[in-house]
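S.K.: Here is my input; please provide its structure:
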Amino acid sequence: MDDAPAESPPLLPTFRHADVSEDELLARILYNAFLPNWDMNWWQNLGEQLKPVPLTTTLPARQSEEGLSTSQSNRLDFYRSTLTLVRLIGGTISVVIPPGDPLQPPGAVICWLPPGISPTPYALLRSGFLLSLLRFGGIVGTFRFLYFEYTLAQLYSRSLIGLGYASRHDGAFVQIVATSPACRGQQLSARLLQWQIEQHRRSSYGDDGSRAPVFLDTTGDYQQRVYEGVGFRELGRRGLGIEVDGNGLKLKRSRERSETEEGLRRFVQRVMILESSAM
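M.R.: Coordinates of the predicted model:
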């Protein structure tokens, strides 16, 4: 008789919808996760990288900003208003808790928009998103953001020709998916995205019972590989000629500007699709 103790089952991550009371923490996770992103730094017209913000806070949002720079506070507020906007228009915000202590902070967060949902002018105003965008980037940054979104919408329109979709709003849309820096390397974002797709898979859209596709866009090579591992495929891409360094920070010397010509090709928008047949 084998008296060896039975092995404990492996610990698994926990997936759930986030409560609105968690939005301050989630905004801080998004802030830290996207610090290296060139597009965020370009929108904010930064000349140097911002520092991370602490995740632990028990104070209201405004009181918890003591010690933060204006740029830090404005970027954090941008993410707060983004979360508010997603909830206001009927989107969902979900998180994954890493294996182990269920009370630890989320390891990844996703903002998901069901098919047929898009921000309205009223929602953009009521959520505070437009005001936070102006604070975040100023006039220059707001123009850059709107230009980025305009070129992205053009890329979607061009890429969807022949597929039978009028816009990305014909399908579900991954607004944001991000991993907390403390949990990188655990594939939590990919697993959370797969979990969210499974929720989508359980619902049918259309008279024939087929499910709507899922769309997303990205500006990073690594992120694209992660999405392809989940089942997405690239629909199209567009290069942007932007005079910043590889982290989206302003170039300080004329020599830097002259040496950046080749690097401009690295800034690429990509749109991707997960079709119902791949779900």
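S.K.: Poorly predicted segments of the stretch 51-200 of the chain, please.
M.R.: Residue ranges of the stretch 51-200 of the chain with pLDDT under 70: 56-65.
S.K.: one more time with 80
M.R.: 56-66, 101-102 (pLDDT under 80).
S.K.: And the helices in it?
M.R.: Using DSSP state H, counting those that start in this stretch, the helices of the stretch 51-200 of the chain run over 70-88, 121-126, 129-160, 188-201.
S.K.: could those go into TSV alongside distance to Y227 and mean neighbour count?
M.R.: C-beta: built from backbone N, CA, C; applies to glycine. Output for the helices of the stretch 51-200 of the chain, formatted as TSV (distance: least, CB to CB, whole Å; neighbours: other CB atoms under 10 Å):
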stretch	distance to Y227	mean neighbour count
helix 70-88	19	21
helix 121-126	27	13
helix 129-160	15	16
helix 188-201	8	19
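S.K.: Using a markdown table, lay out these together with distance to D23.
M.R.: Formatted as a markdown table, these follow (distance: least, CB to CB, whole Å):
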| stretch | distance to D23 |
| --- | --- |
| helix 70-88 | 5 |
| helix 121-126 | 15 |
| helix 129-160 | 13 |
| helix 188-201 | 17 |
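S.K.: Ok, which of the ones you listed comes nearest P106?
M.R.: Of all those, helix 188-201 sits nearest to P106, with 8.6 Å by CB to CB.
S.K.: chain center to that closest one, what's the gap?
M.R.: The chain centroid and the centroid of helix 188-201 are separated by 14 Å under CA atoms, centre = their mean, to the nearest Å.
S.K.: just the angle between the following helix or strand past that helix and helix 188-201, please?
M.R.: Downstream of helix 188-201, the first helix or strand assigned by DSSP states H and E is strand 214-218. Orientation check (axes from the mean of the first three to the mean of the last three CA atoms, to 10 degrees): strand 214-218 against helix 188-201 gives 160 degrees.
S.K.: just the CA coordinates of strand 214-218, formatted as PDB?
M.R.: Output of strand 214-218 as PDB, limited to C-alpha atoms (Å, rounded to 0.1, in the frame of the first residue of the first chain):
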ATOM      1  CA  VAL A 214     -13.500  40.300 -31.700                       C
ATOM      2  CA  PHE A 215     -11.300  43.200 -32.800                       C
ATOM      3  CA  LEU A 216      -8.300  44.800 -31.200                       C
ATOM      4  CA  ASP A 217      -5.400  47.000 -32.100                       C
ATOM      5  CA  THR A 218      -1.800  47.200 -30.900                       C
END
